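> predicted model and sequence follow; I will ask about them next.
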Amino acid sequence: MAESLVIIPTYNEKENIEKIIRKVFSLSHAFDILIVDDGSPDGTADIVKRLQLIEFQDRLFIEERKGKLGLGTAYIHGFKWGLAREHYQYIFEMDADFSHNPEDLVRLRQACVDGADMSIGSRYIKGVNVVNWPMSRVLMSYFASVYVRFITGIKVQDATAGFVCFTREVLKTIPLDKIKFVGYAFQIEMKFTAIQYGFNVVEVPIIFTDRTEGTSKMSTSIFKEAFFGVIQLKLGSIGKSYKRN
């Protein structure tokens, strides 16, 4: 039984989904995969279920939701699914589009084995390691993290990163039903909350490569949520007790 679970949220990822699944299963360390699909009209879920049936019954799982409910709720759904299965000690967030190199899963896991409670695949811990993004988006992403550090006081260089390994203890401690945000603000909120609880959060340098197939899910509303959500996070934490059970 694998101790590591990779959660991959999907919406219209038929061009990428089989390739990403096969790549993860080819790695030297054993990872299970949970796909959380938000009713993709392009047949993404059908591809997953075919692979599940003919090849990967014991390693590939899918949860189907009705409608596009957002990245944050997809991960919360996946976290709860993983926590309900006690053999998973390391639970990962990863995109379906190869912007996150699956080979880096091994490095993120090792960081947690070596003592981190949460490891982040960071684009900005060693310079700027982003491929195929226009300069405007690189600058927006980089300065978003600067803004997050300024407002919240956390030291994470890549606050909006979505390539993460959590130990089971972190996800058991964070009150998942109280996580508010759904887009990039969700990623910031999870890091901020873990740090408030005193967990050891480390950054592992990665190279982020923008998708070459499929369509980006970035939108103005997601950006606005992150911008204003950071202020809400900081204000909401004032006077709040973060005690582990």
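Structure received.
> after the helix or strand bottoming out on mean pLDDT in the chain, which helix or strand is next? Please name it.
Using mean pLDDT, DSSP states H and E, the weakest-scoring helix or strand in the chain turns out to be strand 130-131, at a mean of 73. Going down the chain from strand 130-131, the next helix or strand is helix 135-152, by DSSP states H and E.
> one step back: the least confident helix or strand of the chain - which strands sit beside it in the sheet, and in what orientation?
According to DSSP bridges, strand 130-131 forms sheet pairs with strand 208-209 (parallel).
> tell me the gap between the least confident helix or strand of the chain and the middle of its chain.
Remark: strand 130-131 is offset 18 Å from the chain centroid, using Cα atoms, centre = their mean, to the nearest Å.
> next one: the most centrally placed residue in the chain from R50, what distance?
Per Cα atoms, centre = their mean, the C-alpha nearest to the average position across the chain is that of E93, at 3.0 Å. Distance from E93 to R50, counting by Cβ to Cβ, to the nearest Å: 25 Å. (C-beta placed from N, C-alpha, C; glycine too.)
> re earlier: now the residue nearest to the centre of the chain. Nearest residue, chain neighbours left out?
Nearest non-adjacent residue to E93, counting by Cβ to Cβ, 6 or more residues apart in numbering: V164, 4.5 Å away.
> all strands for this structure, in order.
Along the chain, counting by DSSP state E, strands occupy 4-10, 32-37, 60-64, 90-93, 118-122, 130-131, 164-167, 201-205, 208-209.
> in JSON lines: those, plus distance to L176.
Putting these into JSON lines (distance: least, Cβ to Cβ, whole Å) gives the following:
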{"stretch": "strand 4-10", "distance to L176": "13"}
{"stretch": "strand 32-37", "distance to L176": "14"}
{"stretch": "strand 60-64", "distance to L176": "15"}
{"stretch": "strand 90-93", "distance to L176": "12"}
{"stretch": "strand 118-122", "distance to L176": "14"}
{"stretch": "strand 130-131", "distance to L176": "30"}
{"stretch": "strand 164-167", "distance to L176": "11"}
{"stretch": "strand 201-205", "distance to L176": "17"}
{"stretch": "strand 208-209", "distance to L176": "26"}
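> and these, which one averages the lowest pLDDT?
Note on those: lowest mean pLDDT is at strand 130-131, with a mean of 73.
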